[in-house]
Each structure stands twice: as structure tokens, then as C-alpha cells.
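Just a sequence and a predicted model for now, questions to come.
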Amino acid sequence: MSQERPVNILLVDDKKENLLALESILEAPGYHLVRALSGQEALLALLAQDFAAIVLDVQMPGMTGIELAQFIRGRKKTQHIPIVFLTAHGDESAIAGYQAGAADFLTKPVQPEVLRYKVAVFAELFRKSSALMAEVEERRQAEERIGHLNKELSKRIDELAAASAALTTAQEEEKKAWQRALHDSTTGLPNRDLFDDRLAHAISLAERHDWTLAVMFLDLDHFKNINDTHGHAVGDRVLKEVAKRLSQRARDEDTVCRNGGDEFLYLLMNPQGGENIQRIAGVVLKDIAQPIDVGDLQLVIKSSIGIAVYPDNGPTGEQLIRNADAAMYRAKRHGPGCIVFHDEKPMSERSVEPPVLESLQQPSTHHKLSLTEHERRYAYLREANEQLILAAFSAQGLQGAAAHERRYAQLREANEQLVLAALTAQELQAAADQA
């Protein structure tokens, strides 16, 4: 209020001591107080200045307050100025004052807080009214200027419209491209690039606030059998449904991404201890294990989960993902539906039904994709060999682009996967030979 231009308040009383008392009550940076000892002085002041409010004594010699109020209401320039009457005479004076155009009425002795409040309200209304009038005038002038420019602007409307349409299209395409660049095209989940960025940000927050983080590496068990048996279109439907269930389970602060193929990454922000992490992982296993309806098919699929915890299992996102990946492969070696923490013994998810991949066709056919122990080991061997070949191709492809720092990191990761896959293949081959 003190930063605004002070508004004029007219104080009218035939006694100087009363005017001094009013000034002491209303003295404030936002007011310019003008004194008048008679009705004549008040009229002269009204001719010279604009006022936000008038504080007027009713009983004055010569021109009374009632007569002055009637005169003020009779002039167009002053007829809307609020008048606060002060009197020591009760209701009779109040009625006469209101008939003369008073906005309010206070009896003497005046309560300072009440007077200050009422004057403040009128002052604020005056400021807003003045601001509105100034705005109206500015708009009128602006409309005049706009009118002068309309002819010139009309010549360019078509050109600007075309440019605007082109810009909108470009922005939409850019948005779509950005979406495609950071999200998986099949599931709509964040891709690995976006996940890495969020994981790096999460590590910064965790380091600052002394939080823990958990990276869960999920792999769908025997997903290849679904693609081989029912086709890739059905496989994509399964991936979309798994992605939907993971997204629904995740909290707003968590991130789920598709890492590629049948692999998913799940970042837990500040999960509050290992037991809670294991509980969440178990719930995720149950969510994924619920039947998935694809047309007439009803598919049941299990998953294996490897978990790495920040900071115990790695200070960087790359190391956390690598350790969670290694833990996931250990989980797969112990059978579907298994949860493995990094550097800990594998834990079968006992709260989930025994691991089995089922493919049920309804309503005409019911069948299960069940494997004997010997066949399952050979299935694991085939899967490991396929991963070995994929990792080898990935390593060759990345070698050619090793000039970029990120490509070097991907190359190292592909080589590590190559080694893990080779070890897995050797172990499964030995198990198959013994069987």
C-alpha cells in the first residue's frame, strides 16, 4: 500500500482539535489528508482535487454537514465520493445524513479501528476504480492504434496462418519424435535412455537425502515359447499387458522401462529396506502371473527378478543395472518365479504358485506347455545359446560405433552379457549331460 500513490482523504470539522484527532487516527503512508474547518473550505478543496472519501462532521456553524453533503451530491464530479458522517446525535441525525447521501455513519466518540477500516475500504475502492478507468482509457487508445494497423496486418494474415500451421505441425512432429526417442514403441514405457537419465537423477537425490534405491531386473520366463507358438503379435500383446500391470503397480516416483526383448527394469525410490523390496518384488511376480487374455487364448507367464540396491550394490546406475542383471540370470538358473538379490542366495517366491508356463486356449481347447526336468534344462540351454548369439551380434555392432562414449559403455555391457551367457550355457550343458 505504501508503494502506491497516496489517495486524498478530506477531513471536515469546525474544530481544530477534532481535525488533529482525526489526522492522528488516519495518518498512514497511503493517505494524503486534507483539512477543512468549514463547508466553504471543503468546497474549495473539492474543486481543486479528487478525493477517495470525505469524513464530515454533521454539526457545523454556517453550512452544516447535511447541507454540504447535499451540495456534493448535486455536482456530477463529486456525487460519487463516499461520505462518512460523524455526529454525537443518535438516529435522527443518521437518517438525515443517509437521506443527504452519506455512505456510512459513526457516532462520537469515534472508535479509531472502525474509522480506519471504513476509510481503508473506500480508499481501496477508489484505487481500483481509478485503475479500472485508466485501463479502460489505455484499451481505448490501444483499440485506436489497432484500428490503424488492421489494414497492414490483414495483408499478412494468410502468411502468418500458414506459418503458424507449419510451426504447429513441426512442434507436434518434434514432440512425437521426442516421445519415440525416449519411449518403447511397443509398450509405451520409458526406454533405456530415459531410464538411465532418471536413475542418475535418483542417485543424486539418494546421495543428497541419504536414501536407498532398488533396481529390479525382470525377465519373462519362456517368453520365446509364446512367440514361437502363437506368433509375435500375441507376444506383443503379452508385453503390453505386462507393461500395463507394472505401470499400475509402480508409484508416481518409481520408473518402469522396457529394456528390450522380454526384459524390464523397475526403479524403486527409497523403498525402506530389503524386506519391503522383497515384498514388492513378490507382488510384481503375482501381478505378472495373472492370466492374460489374448483373443481366445488365456496365457499364464512367470518371470525372474534380480535386484541390486543402492548404495550397497553399486554407486552408479550402470553398476546397479549390471549387478541386477547378473542376479536375474542367477534367478533364472534356479527356475521361473525366483527372486535373487545381488550377492545373496536365491529366494524362490513361495507366495507365488510353483513356476510353470501355461498356455490355455479357450473355449475350444485347453492345453499346458509343461516340460519335464530334462526338457526344461535343454530349453534353458537353447535360451542361453540364443542370448549368446544376440550378445555377440550386439558386441560387433557396437564395436563399429565405439567413438561415442555411450557406445563404449554399451559395448562393455554387451561383452559382459556375452561372458555371463557363455557361463550359463556351460553350466546348463553340464547339467543336461548329467541328466
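Done, it's in. Numbers count the residues shown, from 1 in each chain.

most centrally placed residue in the chain?
The residue lying closest to the centre of the chain (Cα atoms, centre = their mean) is D252, at 9.9 Å.

quick one: that residue is in a strand?
No: with DSSP: H, G, I helix; E, B strand; the rest coil as the criterion, D252 is assigned coil and is not in a strand.

My read is that M216 contacts S304, right?
No: M216 is beyond contact range of S304, at 10.5 Å (criterion: Cβ atoms under 8 Å). (C-beta placed from N, C-alpha, C; glycine too.)

M328 contacts A308, doesn't it?
No: under the criterion of Cβ under 8 Å, M328 makes no contact with A308, lying 9.7 Å away.

Packing partners of the helix or strand hosting V215?
Using DSSP states H and E, V215 sits in strand 213-220. Where contact means 3 or more Cβ pairs under 8 Å, 6 or more residues apart in numbering; DSSP states H and E, strand 213-220 is packed against helix 192-209, helix 232-249, strand 263-269, helix 274-289, strand 303-310, helix 317-333.

cutoff 10 Å now
When contacts are defined as 3 or more Cβ pairs under 10 Å, 6 or more residues apart in numbering; DSSP states H and E, strand 213-220 sits against helix 192-209, helix 232-249, strand 255-260, strand 263-269, helix 274-289, strand 303-310, helix 317-333, strand 338-341.

by how many degrees do the first one and strand 255-260 diverge?
Read it as helix 192-209. Interaxial angle, helix 192-209 versus strand 255-260 (axes from the mean of the first three to the mean of the last three Cα atoms, to 10 degrees): 140 degrees.

pLDDT averaged over helix 192-209 - what is it?
In this model, helix 192-209 has an average pLDDT of 95.

chain center to it: distance?
Distance of helix 192-209 from the chain centroid (Cα atoms, centre = their mean, to the nearest Å) equals 17 Å.

ok, and for that helix, which residues are buried?
192, 194-196, 198-199, 202-203, 206 (16 or more other Cβ atoms under 10 Å).

Relative to R145, which of those residues is nearest.
Closest to R145 out of these is L194 (48.3 Å), distances taken as Cβ to Cβ.

Rebuild the helices and strands packed on strand 213-220 as TSV, extending it with distance to V58.
Listed next are the helices and strands packed on strand 213-220 as TSV, based on distance: least, Cβ to Cβ, whole Å:
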stretch	distance to V58
helix 192-209	68
helix 232-249	74
strand 255-260	75
strand 263-269	71
helix 274-289	77
strand 303-310	80
helix 317-333	81
strand 338-341	88
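
my hunch is that E23 is in a helix, does that hold up?
Yes: counting by three-state DSSP, E23 falls inside a helix.

Check the spacing between it and A134 real quick.
Separation of E23 from A134 (Cβ to Cβ, to the nearest Å): 29 Å.

swap in V284?
For V284, the distance to A134 equals 63 Å [Cβ to Cβ].

Neighbour count: these two, which is higher?
V284 (25 against 10; other Cβ atoms under 10 Å).

Can you read off the pLDDT for that one?
96.

what does K77 give?
Turning to K77, the model gives it a pLDDT of 88.

which ones are touching it?
Counting by Cβ atoms under 10 Å, 6 or more residues apart in numbering, K77 makes contact with 46-47, 50.

Repeat that for M216.
M216 sits next to 246, 254, 256, 264-268, 271, 277, 280-281, 284, 305-308, 324, 327-328, 339 when contact means Cβ under 10 Å, 6+ apart.

okay, the closest residue to A327 other than its chain neighbours: pLDDT?
Spatial nearest neighbour of A327, chain neighbours left out: G306 (3.0 Å); criterion: Cβ to Cβ, 6 or more residues apart in numbering. As predicted, G306 sits at a pLDDT of 96.

Now do G306: how many residues are near it, please.
Residue neighbour count, defined by other Cβ under 10 Å, stands at 27 for G306.

Show me how this protein divides into domains.
1-182, 190-370, 371-435 (automatic domain parsing).

which of those domains is buried the deepest?
The highest mean neighbour count among these, using mean count of other Cβ atoms under 10 Å, belongs to domain 190-370: a mean of 18.

Tell me where the model's unsure across the stretch 51-200 of the chain.
Per-residue confidence for the stretch 51-200 of the chain (pLDDT under 70) gives these ranges: 89-93.

where do the helices sit along it?
In the stretch 51-200 of the chain, the helices defined using DSSP state H, counting those that start in this stretch lie at 65-74, 91-99, 112-182, 192-209.
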